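>>> Test case, fold it:
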Amino acid sequence: MPQYIQRQNRRRDNRLCISFLLNQSTTWATEKEATFIDNHDEVSASQRIKSSWFDKFIALETFKEIHGHLLVPRTFKVPSNDPQWPAPTWKMHLGVLVNNLRTRNQPKDRRKQLDRMGFVWDTMEFHWQINLLALRTYKEKFGHLRVPQSFKVPKEEGGWPEETHGIKLGWVATTLRRNRGSMAALRETALDRLGFL
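You can find the predicted model right below:
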């Protein structure tokens, strides 16, 4: 990687790291603060512990910048030598990390940071809500919920909420009908209110 890119990435990482360590936010530190960190290599033990969390946090931030969401596939591993990613995150098993974050209790300050960035704690509930939104939109557009098996939400705008683009709604509707008797009562009630048979 060219030296100037390494310096540019390090300055970006240092400015974000300082803000993270000082006030637990992801706002950029000033150039003066970044210069201070550049010139001081000694870091306290507590800052090193926070730095470990910071590396994970910055990996999540970078994933979101690149992909626009935080639904990290379980098998996702940060590529190495990729200038889009800060060097400390290279080869990080981010999908495994995200799964661990969801299944283990997190300190309140970390949970708040993750919430602010839009972290999805319950992927099944998240997908349920998106599918419900797609069904509502389909009903508004077509006046019924007899979704053809092959129907897929168009990726161009067309009045569909962006988060529903590309959903195989015909498959979703068929699966919901097939599993109707085994779903949670609240979900069944939501479908009844929508007029889904």
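
>>> ranges for the strands of the protein?
Taking DSSP state E as the test, none of the chain falls into strands.

>>> So for it, which residue is the most central one in space?
Nearest to the mean C-alpha position of the chain, by Cα atoms, centre = their mean, lies Leu70 at 0.9 Å.

>>> residues contacting that residue?
Contact partners of Leu70, counting by Cβ atoms under 8 Å, 6 or more residues apart in numbering, are 60, 63-64, 98, 117-120. From N, CA and C alone the C-beta is placed, and that goes for glycine too.

>>> Select from those residues the one having the most neighbours.
For these, neighbours were counted by other Cβ atoms under 10 Å; the highest total belongs to Val98, with 24 neighbours.

>>> which residues sit in contact with that one?
60, 70, 72, 74.

>>> from those residues, which ones fall inside helices?
Judged by DSSP state H, the subset of these located in helices is Leu60.

>>> out of the contacts of Val98, who's nearest Gln113?
Out of those, the one with the shortest distance to Gln113 is Leu60. That distance is 9.3 Å, counting by Cβ to Cβ.

>>> wait, isn't that closest one in contact with Gly118?
No: under the criterion of Cβ atoms under 8 Å, Leu60 is not in contact with Gly118, lying 9.8 Å apart.

>>> Name the helix or strand of the chain that has the lowest mean pLDDT.
Using mean pLDDT, DSSP states H and E, helix 31-39 stands out as the lowest-scoring helix or strand of the chain, at a mean of 43.

>>> Report how many residues lie close to Asn105.
Per other Cβ under 10 Å, the neighbour tally for Asn105 reads 7.

>>> Lys139 too?
For Lys139, the neighbour count with other Cβ under 10 Å is 15.

>>> Next up, the contacts around the closest residue to it other than its chain neighbours.
Residue nearest to Lys139 in three dimensions, not counting chain neighbours: Leu145, with 5.4 Å by Cβ to Cβ, 6 or more residues apart in numbering. By Cβ under 8 Å, 6+ apart, the residues touching Leu145 are 135, 138-139, 173, 194-197.
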